[in-house]
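# Kindly generate the corresponding structure for this input.
(one chain, ligands or ions: 1)
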Amino acid sequence: MADKLSLLYNGNTFEYPVLQGSEGEHAVDVSTLRKDTGLVTLDYGYLNTGSTQSKITFVDGEKGILRYRGYAIEDLATSATFPEVAWLLIHGELPTEQEVVHFRKLLTENALIHENLLSFFREVPPNAHPMGILASVMNALGLFNTKFYDDEQTGSEQFNITAASLISKIRTVAAFSYKASIGEPFVYPEADRSYCSNFLNMMFSSRTRHYEPHPVMEKILNALLIIHADHEQNCSTSTVRMVGSSGASLYASICAGVCALWGPRHGGANQAVLETLLDIQKSGMTVEQVIERAKSKTDPYRLSGFGHRVYKSYDPRARVLKSLLNELLDCGEHVHDPLLDIAIELEDKVLKDDYFIERKLYPNVDFYSGIFYRAMGIPTDMLTVMFAIGRLPGWIAHWKEMHDDKNTKINRPRQLYIGEPARKFVPRYARG
Ligand code: CMC
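The predicted structure is shown next:
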């Protein structure tokens, strides 16, 4: 394999180094291209452009492989806890027993949010979208942590506390926004509960209802958060790195990441999938009709939960979720959900359809996640919030990696200007 790429331009030859990643992937480093040739690269949607080197997550979209720090997603989702995976992503190694205990202590001590913030939940309109609430509160949390504005601190205990505080508080924020939306008093986090049990308790207990999460629900929630925890340079993570590259704080960068995740082509797809399934159920439309609509070239409609920029085979995260379906159905907690039958029929028909086969459009992580969250009682408009809770450790890990990398520069893409050439200013009276 050549370790240089030669470019012939305007009669001159230029050479660019080809770098090799630890899984054998190759990338050409064009950092000096503009200086050498005056050219910039144009790559809509970054189909070919790597924005950084990273040690956090490996994805092979052709083979359907996803690994965090070298560990297979299938092993992590079934054998680790979400806090362990968060630690792994942020620090690079699975935590030792001592680190597990320490991290747990930090999560417990930082689960509460400042009482002054509670009025925010009560004042937002009852139909406000939970992702909007989440973005606002994640940013506001930074205003209450004035200790974390020293730029040099990512290796310090203060950074560990801030990371744990964000990971712990996001779950409290999500549950409080739900309670506020249904007009119930907040349920506070409890020290002796696991991360997932605490969340479910804050969501579904009340002064008049004792709720004890079923162990299978806890296990499934743990797996869901783990499979969402990172996915290398996706739209929201790149946003976190982009905002952070300006020197903006971790809080401001995470707030931007939440906003990026909200869109229906990214994390918002899990809400859109459930809405599609509900539409099929309520409108009497057949699965075939929905598939035909998604294939139409005159209708911008897309079938949410299918397709992925990187995966051109079955998304390994969707595979992990599918393998948990039987546990969900057998656990006794699950009331038969007709949407699951519709989802299975939809997947089956899509996988046999030439349009989807030719374009390698397979179910992605969002296809089944909504069904699981629904079984837990999570409302549809909170599904993307669940994705954000899971993705937070990944965002923190990438912000830290970007911050600590001596090669980081402020992210500032180039463009090809296609507007008007220079022209003379026209005074207002002469504009017709
Ligand atoms: N339904 C119908 N057609 C589709 C779909 C879909 N879900 N996804 C892609 N296509 C078609 C698209 O119209 C295009 O067709 P043609 O070549 O004839 O123009 C072709 O497949 C390639 O699509 P693309 O838009 O060039 O692919 P992309 O890599 O830019 O988009 C995607 C990836 C995920 C945005 C897209 O597949 C999509 O919109 N899927 C639905 C939304 C969704 O489920 N998003 C969640 C992704 S997983 C969670 C995450 O990591 O964010």
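
# Now do stretch 103-119: everything it contacts.
Applying C-beta atoms under 8 Å, 6 or more residues apart in numbering, the external contacts of stretch 103-119 come out as 83, 86-87, 95, 137, 140-141, 144, 160-161, 164-165, 167-169, 171-173, 176, 186, 188-189, 191, 195, 198. Just so you know, the C-beta spots here come from the backbone N, C-alpha and C atoms, and that holds for glycine as well.

# Could you do stretch 323-339 as well?
Outside stretch 323-339, the residues that reach it (C-beta under 8 Å, 6+ apart) are 214, 216-217, 219-220, 223, 274, 277-278, 281, 340, 368, 371-372, 374-375.

# Quick check: of the residues you listed, which lies closest to residue 33?
Distance to residue 33, by C-beta to C-beta, is smallest for residue 368 among these, at 42.4 Å.

# and the helix or strand that contains the closest one, what other elements does it pack with?
Element membership of residue 368, judged by DSSP states H and E, is helix 365-376. Other helices and strands packing on helix 365-376, by 3 or more C-beta pairs under 8 Å, 6 or more residues apart in numbering; DSSP states H and E, are helix 215-228, helix 269-283, helix 316-330, helix 338-351, helix 383-404.

# Determine which of the ones you listed approaches residue 249 most closely.
helix 383-404 (9.3 Å).

# ok now that closest one, how far from the chain's centre?
In this view, helix 383-404 has its centroid 7 Å away from the chain centroid, taken as C-alpha atoms, centre = their mean, to the nearest Å.

# for that helix, packing partners?
Applying 3+ C-beta pairs under 8 Å, 6+ apart, we find helix 383-404 packed against helix 82-91, helix 130-143, helix 157-182, helix 215-228, helix 235-244, helix 250-262, helix 269-283, helix 365-376.

# and it, which residues are buried?
Neighbour counts over helix 383-404 (16 or more other C-beta atoms under 10 Å) mark 383-403 as buried.

# angle of that helix against helix 157-182?
Comparing the axes of helix 383-404 and helix 157-182 via axes from the mean of the first three to the mean of the last three C-alpha atoms, to 10 degrees yields an angle of 160 degrees.

# tilt between helix 383-404 and helix 215-228?
Using the same axes, to 10 degrees: helix 383-404 against helix 215-228 is 40 degrees.

# Establish whether helix 383-404 and the ligand are in contact.
No. Against the ligand, helix 383-404 shows no contacts by C-beta under 6 Å from any ligand atom, the least distance being 7.8 Å.

# Kindly report the same for stretch 48-65.
No. Judged by C-beta under 6 Å from any ligand atom, stretch 48-65 stays clear of the ligand, getting no closer than 9.9 Å.

# for the helix holding residue 368, what is the average pLDDT?
What helix 365-376 shows for mean pLDDT is 89.

# same check, this time on stretch 31-47
For stretch 31-47, the per-residue pLDDT averages 97.

# hey, C-alpha coordinates of that stretch in PDB?
Output of stretch 31-47 as PDB, limited to C-alpha atoms (Å, rounded to 0.1, in the frame of the first residue of the first chain):
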ATOM      1  CA  SER A  31      -3.800  19.700   5.500                       C
ATOM      2  CA  THR A  32      -1.300  21.500   3.200                       C
ATOM      3  CA  LEU A  33      -3.400  21.200   0.000                       C
ATOM      4  CA  ARG A  34      -4.600  24.800  -0.100                       C
ATOM      5  CA  LYS A  35      -1.100  26.100   0.700                       C
ATOM      6  CA  ASP A  36       0.400  24.000  -2.100                       C
ATOM      7  CA  THR A  37      -2.300  24.400  -4.800                       C
ATOM      8  CA  GLY A  38      -4.800  27.100  -3.800                       C
ATOM      9  CA  LEU A  39      -7.500  24.400  -3.900                       C
ATOM     10  CA  VAL A  40     -10.000  23.600  -1.200                       C
ATOM     11  CA  THR A  41     -11.900  20.300  -1.000                       C
ATOM     12  CA  LEU A  42     -15.700  20.300  -1.400                       C
ATOM     13  CA  ASP A  43     -17.500  17.500   0.300                       C
ATOM     14  CA  TYR A  44     -21.200  18.000   1.100                       C
ATOM     15  CA  GLY A  45     -22.300  16.200   4.200                       C
ATOM     16  CA  TYR A  46     -18.600  15.200   4.900                       C
ATOM     17  CA  LEU A  47     -19.100  11.900   3.000                       C
END
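
# Give me the buried positions along it.
Going by 16+ other C-beta under 10 Å, stretch 31-47 has these buried residues: residue 33.
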